[in-house]
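1. Just the structure for this:
(2 chains)
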2 protein chains.
Amino acid sequence: MDGATNRIGAVLRAIDDNLPQAQARLFDVLRIPSVSAQPAHAGDCLRAAAWFRDQLAGLGFAAEIVPTKGQPLVLARHPGPDGYAGPHVLFYGHYDVQPAEPLDLWTSPPFEPALAGGPRGERVVARGAVDDKGQVMMFVEALRAWHETGGGIPARVTVLMEGEEEVGSVNFEPWLAEAGGALNADVALVSDTGMWDIDTPAITTGLRGMIYVQMTVRGPARDLHSGIYGGAALNPINALTRALGDLHDETGRIRIPGFYDDVCELSADQAADWDRLSFDEGAFLGAVGLSSPAGERERPALQRLWSRPTADINGIWGGYTEAGAKTVIPSEASAKLSLRLVPDQNPDRIAAAARRFVEARLPPDARLSWEVFSATPAIAVRADSPYVAAARTALAEEYGRPALLMGSGGSIPVVSSFRRILDVDTVLMGFGLADDQMHGPNEKFELTCFRRGARSHARLLAKFAGLPRRPLQAAA
Amino acid sequence: MDGATNRIGAVLRAIDDNLPQAQARLFDVLRIPSVSAQPAHAGDCLRAAAWFRDQLAGLGFAAEIVPTKGQPLVLARHPGPDGYAGPHVLFYGHYDVQPAEPLDLWTSPPFEPALAGGPRGERVVARGAVDDKGQVMMFVEALRAWHETGGGIPARVTVLMEGEEEVGSVNFEPWLAEAGGALNADVALVSDTGMWDIDTPAITTGLRGMIYVQMTVRGPARDLHSGIYGGAALNPINALTRALGDLHDETGRIRIPGFYDDVCELSADQAADWDRLSFDEGAFLGAVGLSSPAGERERPALQRLWSRPTADINGIWGGYTEAGAKTVIPSEASAKLSLRLVPDQNPDRIAAAARRFVEARLPPDARLSWEVFSATPAIAVRADSPYVAAARTALAEEYGRPALLMGSGGSIPVVSSFRRILDVDTVLMGFGLADDQMHGPNEKFELTCFRRGARSHARLLAKFAGLPRRPLQAAA
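-> Predicted coordinates:
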């Protein structure tokens, strides 16, 4: 048993004893409306970055703000104990949050964090509570406990945070390509995923990729009276709904030509593993007021959620949207479309096919503008690495039961960048729950998840410290 | 030649001499933002009604404001000359206007009327310039010239204005059914239509009807993360676009079952008349930046515009519509849909069929709310009445060329109410032009149309006064 492992008892007690202060710190950063999608919040993004920089500097990190073309990065390095020879852990998180709209559906203001009671104790309600400020703060509090109580941070750790995860990480990958190699990391650790349920920890081994597109169909040079022009003039809303309404066939399959060409079938083993999870789709949907599954009719629920691609229109607008009637043929109509991708689908090729699909359905005179906000491939994490094994052990010790290996329907673009650019595996150890309302109104994070997540991170740091560097490949 | 006809020369001179004052009065009422669709403008609607009441009271009318459940009516009566035995003329207009949005496309503020230069002289730019305040004011100025110059208003005239024409006239018909018979009118006169072109006057003999519906598709109880739920949860935008995108087939025909069952083919005579108009659809569309006709592929342009039904989505909204990316499956999505109807289509039956059409295309769990704002049939005006003949003569005298009989794609719900409830014909004599941008930004009215329209109305009053009462039917 190495030194770090010996000290874990004191570290865990420190986390528990300091929970009120940890919660106050979390509230501080949740008050900063760092919405990366909205230009009006650029200053708030910088404030959030500076807040995290200061936190990490206070824990003995060499911490700095790194400008990009968009929102800045936070880069903080700690060498670990003197003479440390274990792996270099790169922790990635993001300080930006999703827009909070629609505001009227929040029970408390999204940037005034509140405590609310729940069936399993209190929870923090705020935009970013779980995604990702709360999850990052679990790791920061684990670092703090080691720093203040355990005799110092037990491993070499670099914390890298970006402010554009929610808008496609467009400036992160170029920075990583230029500067990431010098980091010389051995493993990446990300805490932005979920548990199986509140008592059952999980490591996520697959993430869907995503193409996010905004499109506008333009027709007449100005808004027209639908009585005078209806029957002769192109209506861009008619045209847009016609094209997008054709995205799925009767069975829920996506009609974009070639869309499924590279989609792999799940291995029999993996399919059997997922079957054994006995996922209750009725309960999953029932919790959000639904009773019938959408998506590909012939596929089991977990495949539809984790290993099959999707197409969702995330926003649409055009014409007159105020109260009452206005008989207008508008000059344009717009939509935002996301396509979730699975391993082996090529994002650029699928994005081009989607554009051709829409163009082919537009009438003459309709002009399409098409802006790809992001196009990132799906990723599959190797489940047999010693890092994943370390994380499973840390979780099993904390929760007293095995951690599951699960998929996730979400997308974290940087994970594929870490594989491709840094040649490192990522361990996805997250503590969100299905009902945390990520991206929705009343986003929340259970305090029990926060506490046990921080304790799990503290345990994992000790486990990582006990591994050799880069055992499975040549050192960089 | 009767007395009124003798005095017409002085009346026409008075109109010309007082044009600057008439324009100032028009500007006064255009400054009132009487947008009936927007509850915030209810007070402005009442102000506009009171303004017209005061104008008419100043011309010797017994003028009053008549409350309804919605915006009030203006009712103003003038008995005509002592011993008048001619027809009782019911002039109908509306003081409400369409919403002015999108405001950023206006070159001057919509409720600050401005004069702008054009190829045929100056024009008034403001919301309501032509629809319908400008057209009503032509009639008021004709009345004024008779009142102040011509020895008194030459006919028995009732002016009836409503404030809900732009939102379906929902409270007008009930009032008309209760109180309209007592008016004992012989003919209705409406100035809310257009000319063939700036030199060629026209009487409109057909108007399309309209169904205007707002629908909302509801799915999940709250907004969901499209990564976590995509592939399992109903997306209301996907569902709405799928249903509405199916409205038209490849040839532009509307797919609603039974939609065309009662649509009459144009008579050979009428079709030949319209062919002779040599309508230049290329120029009509070119003026608004389009080159290819939409609508039913096999139909001539004027049929598509005047005698064929249409379906236009006038507004659509749902999900995230701000800048950037948000990966949300929203809990609902909405649209506004208008169906233009032609004679013999039953609005209630078509509205029910449209609802069934949408419902049949929605997945399980999708809940549809469906609000019919208005449902009015198309109307066909008898072209052979002495009133239409009088209007054609008045126009021919003013313009020095014959007035055309034309159709119109627009809808004026009250015209069918006048026929059904009051059993009177309506003369549709209007002075708008195709490029007046009714319902759009930068709505305008040519001053030359305003002047000649006022002169035509002055002439028509004298012609009406010379006719016997109700020659074609029993007096009410």
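2. ok, and does stretch A:367-377 reach over to chain B?
-> Yes. Stretch A:367-377 comes into contact with chain B (CB under 8 Å from any CB of the partner chain), by way of A:F373, A:S374. Any C-beta I mention is one placed from the backbone N, CA and C, and that applies to glycine too.
3. can I get the CA coordinates of that stretch in PDB?
-> Taking C-alpha atoms only, stretch A:367-377 is exported to PDB below (Å, rounded to 0.1, in the frame of the first residue of the first chain):
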ATOM      1  CA  ARG A 367     -32.000  29.600 -51.100                       C
ATOM      2  CA  LEU A 368     -30.500  27.500 -48.300                       C
ATOM      3  CA  SER A 369     -27.900  28.800 -45.900                       C
ATOM      4  CA  TRP A 370     -26.300  26.100 -43.900                       C
ATOM      5  CA  GLU A 371     -23.900  26.600 -41.000                       C
ATOM      6  CA  VAL A 372     -22.300  23.700 -39.300                       C
ATOM      7  CA  PHE A 373     -21.700  24.700 -35.700                       C
ATOM      8  CA  SER A 374     -19.900  21.400 -34.800                       C
ATOM      9  CA  ALA A 375     -19.200  18.000 -36.300                       C
ATOM     10  CA  THR A 376     -17.600  15.500 -34.000                       C
ATOM     11  CA  PRO A 377     -17.400  11.700 -34.200                       C
END
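4. pLDDT on it, on average?
-> Across stretch A:367-377, the average pLDDT comes to 94.
5. buried sites along it?
-> The neighbour-count check on stretch A:367-377 (16 or more other CB atoms under 10 Å in any protein chain shown) flags A:L368, A:W370, A:V372, A:F373, A:S374, A:A375, A:T376, A:P377 as buried.
6. Any stretches of the stretch 1-150 of chain A with poor pLDDT?
-> A:1-5 (pLDDT under 70).
7. Near chain B, which residues of it? Just list them.
-> A:S36, A:A37, A:Q38, A:P39, A:Q98, A:P99, A:E101, A:P102, A:L105.
8. Are any of these buried, and if so which?
-> Among the residues of the stretch 1-150 of chain A next to chain B, those scoring as buried are A:S36, A:A37, A:Q38, A:Q98, A:P99, A:E101 (criterion: 16+ other CB under 10 Å).
9. Kindly reformat the residues you listed as a markdown table containing distance to B:R304 and secondary structure.
-> Below are these laid out as a markdown table (distance: CB to CB, whole Å; DSSP: H, G, I helix; E, B strand; the rest coil):
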| residue | distance to B:R304 | secondary structure |
| --- | --- | --- |
| A:S36 | 47 | coil |
| A:A37 | 42 | coil |
| A:Q38 | 43 | coil |
| A:Q98 | 45 | coil |
| A:P99 | 42 | coil |
| A:E101 | 40 | coil |
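10. In space, what's closest to the residue in the stretch 151-300 of chain A positioned nearest to chain B - neighbours in sequence excluded?
-> As assessed by CB to the nearest CB, chain B sits closest to A:G245 within the stretch 151-300 of chain A, at 2.2 Å. Spatial nearest neighbour of A:G245, chain neighbours left out: B:G245 (2.2 Å); criterion: CB to CB, 6 or more residues apart in numbering or on different chains.
11. Run a quick neighbour tally on that neighbour.
-> Residues contacting B:G245 under the criterion other CB atoms under 10 Å in any protein chain shown number 21.
12. any idea how far it lies from B:F445?
-> Distance of B:G245 to B:F445, computed by CB to CB, to the nearest Å: 37 Å.
13. what kind of secondary structure is A:S417 in?
-> helix (DSSP: H, G, I helix; E, B strand; the rest coil).
14. so where's the stretch 351-476 of chain A uncertain?
-> Low-confidence regions of the stretch 351-476 of chain A, defined by pLDDT under 70, span residues A:471-476.
15. So which bits of it are right by chain B?
-> Going by CB under 8 Å from any CB, the residues of the stretch 351-476 of chain A near chain B are A:363-365, A:373-374, A:408-411, A:434, A:437-442.
16. repeat that for 10 Å
-> A:361, A:363-367, A:373-374, A:408-412, A:432, A:434-443 (CB under 10 Å from any CB of the partner chain).
17. Tell me the confidence at the residue of the stretch 151-300 of chain A closest to chain B?
-> Looking at A:G245, the pLDDT reads 98.
18. ok, the spatially most central residue of chain A - contacts?
-> Centroid check for chain A by CA atoms, centre = their mean gives A:I412 as the closest residue, at 4.6 Å. The contact partners of A:I412, taken as CB atoms under 10 Å, 6 or more residues apart in numbering or on different chains, are A:92, A:94, A:132, A:165, A:169, A:190, A:192-193, A:204, A:207-210, A:376, A:379, A:418, A:426, A:428, A:430, B:227.
19. at 6 Å instead, please
-> Contacts for A:I412 (CB atoms under 6 Å, 6 or more residues apart in numbering or on different chains) come out as A:D192, A:L207.
20. need the helices for the stretch 101-250 of chain A, in chain order.
-> Shown for the stretch 101-250 of chain A, the helices assigned by DSSP state H, counting those that start in this stretch span residues A:133-148, A:172-179, A:226-229, A:236-244.
21. helices and strands around the second one, which ones?
-> So that's helix A:172-179. Counting contacts by 3 or more CB pairs under 6 Å, 6 or more residues apart in numbering or on different chains; DSSP states H and E, helix A:172-179 packs against helix A:413-417.
22. what does the longest one give?
-> Under the contact criterion of 3+ CB pairs under 6 Å, 6+ apart, the helices and strands touching helix A:133-148 comprise helix A:3-17, helix A:19-30, helix A:447-465.
23. Just say which of those helices is most tucked in.
-> helix A:447-465 (a mean of 25; mean count of other CB atoms under 10 Å in any protein chain shown).
24. Off-centre distance for that helix?
-> 20 Å (CA atoms, centre = their mean, to the nearest Å).
25. Over to stretch A:265-281?
-> 23 Å.
26. neighbouring contacts of it?
-> Residues contacting stretch A:265-281 (CB under 6 Å, 6+ apart): A:P293, A:A301, A:L302, A:S307.
27. Can you give me the first-to-last residue distance of that stretch?
-> For stretch A:265-281, the first-to-last residue distance is 21 Å (CA to CA, to the nearest Å).
28. try stretch A:224-237
-> Note: stretch A:224-237 ends 13 Å apart using CA to CA.
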